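Structure of the sequence below:
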Amino acid sequence: PTAPHRTRPRARAHSQRRGSAARRGEMAATAAAAAWRALPRGSASVAQVSLRSSAPAGRSAAAAGPVAARSVEGRSAGGRPTDSPSRLRSAASAPSALAAPRRTLRPRASGGRVAAGGLRPSAAIGQLVAHRRCFSDFISPGASEASGRLRLAFASACLPHPDKAHKGGEDAYFANPARRAFGVADGVGGWAESGVDPGEYSRALARYAHEAIVASGDYGEEADLHQALMTAARRLHESQLLGGSTALLGQLNGAIMSILNLGDSGAMLLRPALRTPPGSDQPLLFPRVVFRSSDQTHYFNCPYQLGSSSTPIEAPDFIRIRVRTGDLIVAATDGVFDNLFDHQVQAIVARHLGGAWRTGASVEPQLQGLATSIVKQAQRIGQQEDQKDVITPFALAAHSEGLPFRGGKLDDTTVVVGLVCGAPVGHEDQGEMEDDLPPIHNLVR
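Numbers count the residues shown, from 1 in each chain. Coordinates of the predicted model:
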């Protein structure tokens, strides 16, 4: 019989040191959070917080590895992902994190072990307090998210396929600030082979759904998005209009964003969050993916859809997400998400809104430029259909089905972006402030 196993003194001492380091890390995180909560509301800019600290030369931040390698995009409301384009987009959104070795942070001056986030408690408190600035309108930490004070500031852009521009394309969209509602619809192009204009069907679908949302009650009441879609389907059937279309509808009610999706259009909810760029120890604000919808397809490039055929209507996905001031919703047709990976959309958002985040300027004036850039970049990549070295989400989805497709996919590109923000001072009554604003749409050619 062998003697009972005992921890050797050196291993036991090492274990004790690791436990002490973990406790110091927890103390640092707790102290930093307490200092943050102690700041006056709206008085500090996260983008200006310096996380400079000290660590033994050559020591890396072990906590950075799992975070860098973990992908949190592409999660659906249903939970388990499928072999759909959205899953492939999610897997491809962080190729560098999976292919490259974990990044080792630059050695810093000696003076103590690195605590959570590279801060010792005293340094965390001192530097958070020292860099006080006014917050941009994109975020207000600690502010009350009262249900009657949140609104959506919208912008939209649509670029039809060059061959379909003369008839207005096949995508439809609307955004209604008074109802805090939005929607996109994509006419199924296969109907064109039968001499039908898919754009007429998608525009009628979006128009009927918008009218149902408006008719649901006063501006502050929540609309039944599923009922709005069914009402639109009934009216399309009564009109005997031929065609088919996907549909995505959304509405903000208090601090809850509701999204109903049928087909392969998509929605992303982005939230400004601290992220340290490679080669720097200065964290910046970068749009983190909080939610990403999942495509609904029967098989490759055949989405769930409303149509004039007698096929039963498939069940759409319905998701509710708690949002806060500064969140950005990006709703787009497949012409955008077939050509742009999620991380490319994030980069475009960071490029357009990062300056306002850093300086405390207003974000709303940047939204139209952001929407335009998204659709232009998507169509620019879509025009590279014959470029075999161009990898797109659509090409990856085709490859997963055994289809030899490379390059972009030229299509209509449509996006609606909505910034979650509070009512301006003196305009707490949203109905009085927004009822006079016309809805944004392309429902009438």
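
Just the buried residues of stretch 370-389, please?
Neighbour counts over stretch 370-389 (16 or more other C-beta atoms under 10 Å) mark 370-375, 377-379, 381-382, 384 as buried. All C-beta atoms are positioned from the backbone trio N, CA, C, and that covers glycine.

cool, and stretch 193-205?
196-205.

Arrange the buried residues of stretch 370-389 in TSV, one row each, with secondary structure and distance to residue 400 as further columns.
Shown next, in TSV, are these (DSSP: H, G, I helix; E, B strand; the rest coil; distance: C-beta to C-beta, whole Å):
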residue	secondary structure	distance to residue 400
370	helix	30
371	helix	30
372	helix	31
373	helix	29
374	helix	25
375	helix	26
377	helix	24
378	helix	21
379	helix	24
381	helix	19
382	helix	20
384	coil	20
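
Closest one to residue 220 out of the residues you listed, please.
Nearest to residue 220 out of the buried residues of stretch 370-389 is residue 371 (C-beta to C-beta; 26.4 Å).

Pull the strand or helix carrying residue 290 out as PDB, backbone CA atoms only.
Assigned by DSSP states H and E, residue 290 belongs to strand 284-292. C-alpha atoms of strand 284-292 as PDB (Å, rounded to 0.1, in the frame of the first residue of the first chain):
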ATOM      1  CA  LEU A 284     -11.500  52.500 -25.900                       C
ATOM      2  CA  LEU A 285     -15.200  52.100 -26.500                       C
ATOM      3  CA  PHE A 286     -16.100  49.500 -29.000                       C
ATOM      4  CA  PRO A 287     -19.600  48.200 -30.000                       C
ATOM      5  CA  ARG A 288     -20.000  44.800 -28.300                       C
ATOM      6  CA  VAL A 289     -22.600  42.400 -29.700                       C
ATOM      7  CA  VAL A 290     -25.400  41.900 -27.100                       C
ATOM      8  CA  PHE A 291     -27.800  40.000 -29.400                       C
ATOM      9  CA  ARG A 292     -27.700  38.700 -32.900                       C
END
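
Run through the neighbouring helices and strands of that strand.
Other elements packing on strand 284-292 under the criterion 3 or more C-beta pairs under 8 Å, 6 or more residues apart in numbering; DSSP states H and E are strand 266-275, strand 317-322, helix 342-359.

Measure how the following helix or strand past the second one sits relative to helix 342-359, angle-wise.
Using DSSP H and E, the helix or strand that directly follows strand 317-322 along the chain is strand 328-332. Inter-element angle recorded for strand 328-332 and helix 342-359: 150 degrees (by axes from the mean of the first three to the mean of the last three C-alpha atoms, to 10 degrees).

what comes into contact with the helix or strand following strand 328-332?
Per DSSP H and E, the first helix or strand lying C-terminal to strand 328-332 is helix 334-337. Helix 334-337 has contacts (C-beta atoms under 8 Å, 6 or more residues apart in numbering) with 85-86, 89, 161, 171, 186, 246, 264-266, 295, 303, 345, 374-375, 378-379, 382, 393, 409, 411-415.

Need the buried residues of stretch 370-389 in a markdown table (columns: distance to residue 276).
As requested, the buried residues of stretch 370-389 are exported to a markdown table (distance: C-beta to C-beta, whole Å):
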| residue | distance to residue 276 |
| --- | --- |
| 370 | 23 |
| 371 | 28 |
| 372 | 30 |
| 373 | 25 |
| 374 | 25 |
| 375 | 31 |
| 377 | 25 |
| 378 | 29 |
| 379 | 33 |
| 381 | 28 |
| 382 | 33 |
| 384 | 33 |
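
circling back: now, of the contacts of helix 334-337, which are buried?
Of the members of these, the ones counted as buried by neighbours, 16+ other C-beta under 10 Å, are 85-86, 89, 161, 171, 186, 246, 264-266, 295, 303, 345, 374-375, 378-379, 382, 393, 409, 411-415.

Put together CSV for the buried residues of stretch 193-205, with pLDDT on each row.
Output for those, formatted as CSV (pLDDT from 0 to 100):
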residue, pLDDT
196, 94
197, 95
198, 96
199, 97
200, 97
201, 97
202, 98
203, 97
204, 97
205, 98
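
any chance of the residues you listed in TSV, plus distance to residue 239 and secondary structure?
Listed next are those as TSV, based on distance: C-beta to C-beta, whole Å; DSSP: H, G, I helix; E, B strand; the rest coil:
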residue	distance to residue 239	secondary structure
196	13	coil
197	14	coil
198	15	helix
199	15	helix
200	10	helix
201	10	helix
202	14	helix
203	12	helix
204	7	helix
205	11	helix
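
out of these, who's nearest residue 279?
residue 202 (45.8 Å).

quick one: that closest one and residue 243 touch, right?
Yes: counting by C-beta atoms under 8 Å, residue 202 does reach residue 243; the two are 7.5 Å apart.

Need the residues touching each of these two.
Joint contacts of residue 202 and residue 243 (C-beta under 8 Å, 6+ apart) are residue 187.

just to revisit the earlier point, okay if I get the buried residues of stretch 370-389 as JSON lines plus distance to residue 354 and pLDDT?
Formatted as JSON lines, the buried residues of stretch 370-389 follow (distance: C-beta to C-beta, whole Å; pLDDT from 0 to 100):
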{"residue": "370", "distance to residue 354": "11", "pLDDT": "98"}
{"residue": "371", "distance to residue 354": "16", "pLDDT": "98"}
{"residue": "372", "distance to residue 354": "17", "pLDDT": "98"}
{"residue": "373", "distance to residue 354": "13", "pLDDT": "98"}
{"residue": "374", "distance to residue 354": "15", "pLDDT": "98"}
{"residue": "375", "distance to residue 354": "20", "pLDDT": "98"}
{"residue": "377", "distance to residue 354": "16", "pLDDT": "98"}
{"residue": "378", "distance to residue 354": "20", "pLDDT": "98"}
{"residue": "379", "distance to residue 354": "23", "pLDDT": "98"}
{"residue": "381", "distance to residue 354": "22", "pLDDT": "98"}
{"residue": "382", "distance to residue 354": "26", "pLDDT": "97"}
{"residue": "384", "distance to residue 354": "27", "pLDDT": "96"}
